[in-house]
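Enquirer: I would like the atomic coordinates for the input below:
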Amino acid sequence: MALGKDYEGQSCSLARALELLGERWTLLIVRDAIYGVRRYSDFLARLDTPRAVLSDRLHRLTEAGVLDRVRYSEAPPRDEYVLSDSGRQLWPIIVALSSWADDHLTGDGPCRIFHHAGACGRELDGAGACPHCGRVALEEIEMTPGPGLDSTRTDAVSLELRAPHRLLAPVGSAREAEAREVGA
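Expert: Predicted structure coming up:
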């Protein structure tokens, strides 16, 4: 028996969320947007997802208001994808799922460790909050590699994310373009 493609008949907020976020690759796209990936080519290189799937997921996330599509070049016309306020609200879900996997599915420790980069510098809890200060803005979170990080990926974005990095700060070609603009 083939599985249905939606949750028709489910009067449930979780089912509605899964309609958008439950497809393969979708939460990984949101995770990478939180990490600072913005450009289509960087998502493609980092995720190894088929182009058609990536295009579809980015379109759906943009249509749903999770990502904003922002023009960064007029000639040729090029856009990047930036988290909206709605997308930023997914941070606790992303970090909680990652923390759960670290506790139950891996033996090497966490892949990423998140710290409050503000005054206290404390490690965040499994819900993505600072145990000292409480909730933390995404821009105030620094991500460092943990002992469970797979270091076999060789794409430029993965290599860059092996160093400490503030969430939402551009990575990959977006960071390179920003650096060129500042230096110009």
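Enquirer: centroid residue for this protein?
Expert: residue 31 (1.9 Å; Cα atoms, centre = their mean).
Enquirer: Test my guess that that one contacts residue 94.
Expert: Yes. Counting by Cβ atoms under 8 Å, residue 94 is a contact partner of residue 31 at 5.1 Å. Where you see a C-beta, it was placed from the backbone N, CA and C, and this is true even at glycine.
Enquirer: Tell me how far the residue nearest to the centre of the chain lies from residue 97.
Expert: For residue 31, the distance to residue 97 equals 9 Å [Cβ to Cβ, to the nearest Å].
Enquirer: would you put the C-alpha positions of stretch 64-73 in PDB?
Expert: This file holds the C-alpha atoms of stretch 64-73, laid out as PDB (Å, rounded to 0.1, in the frame of the first residue of the first chain):
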ATOM      1  CA  ALA A  64       5.600  29.700   3.200                       C
ATOM      2  CA  GLY A  65       7.500  32.600   4.500                       C
ATOM      3  CA  VAL A  66      10.300  30.600   6.200                       C
ATOM      4  CA  LEU A  67      12.900  32.000   3.900                       C
ATOM      5  CA  ASP A  68      13.100  35.400   2.200                       C
ATOM      6  CA  ARG A  69      14.500  35.600  -1.400                       C
ATOM      7  CA  VAL A  70      16.800  38.600  -1.600                       C
ATOM      8  CA  ARG A  71      18.400  39.900  -4.800                       C
ATOM      9  CA  TYR A  72      22.100  40.300  -4.400                       C
ATOM     10  CA  SER A  73      23.100  40.900  -8.100                       C
END
